[in-house]
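Got a predicted model here, sequence first, then my questions.
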Amino acid sequence: MAKKLKRKTHRGAAKRFKVTATGKIVRSHSGKRHLMGAKPPKRMRRLKKLAMVSKADAKNVKFMLPYA
């Protein structure tokens, strides 16, 4: 009897994306690692919030996170 192969989680994707309770995928904004003093506070507040992954990319992200 053949065993069903297990899929591996892409570790880079696991650190960058989270799946919500409704199954949507959220991500962080880029541009928050350094040079924060030069960016206006309004921009920093917007970058702080999570963003949804676009529909076009969601399929690929779900493939990388088989058990999320």
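Okay, I see it. Numbers count the residues shown, from 1 in each chain.

what about residue 45, which SS state?
Under DSSP: H, G, I helix; E, B strand; the rest coil, the three-state class of residue 45 is helix.

Return the distance of it relative to residue 32.
Plainly put, residue 45 is 11 Å away from residue 32 if you go by CB to CB, to the nearest Å. For glycine as for every other residue, the C-beta is placed from the backbone atoms N, C-alpha and C.

which one of those two has more residues nearby?
Using other CB atoms under 10 Å as the criterion, residue 45 and residue 32 rank with residue 32 on top: 13 against 9.

shaky segments in this structure?
Counting by pLDDT under 70, not a single residue of the chain qualifies.

how about the strands of it, start to end?
Taking DSSP state E, the strands of the chain run over residues 17-19, 25-27, 51-52.

Can you check which of the ones you listed gets nearest to residue 10?
With CB to CB as the measure, strand 17-19 is the member of those nearest residue 10 (9.5 Å).

Quick check: buried residues in the closest one?
Judged by neighbour count using 16 or more other CB atoms under 10 Å, the buried positions of strand 17-19 are residue 17.

hmm, who's touching that strand?
Residues outside strand 17-19 that contact it (CB atoms under 8 Å, 6 or more residues apart in numbering) are 25-27, 50, 53, 61, 65, 68.
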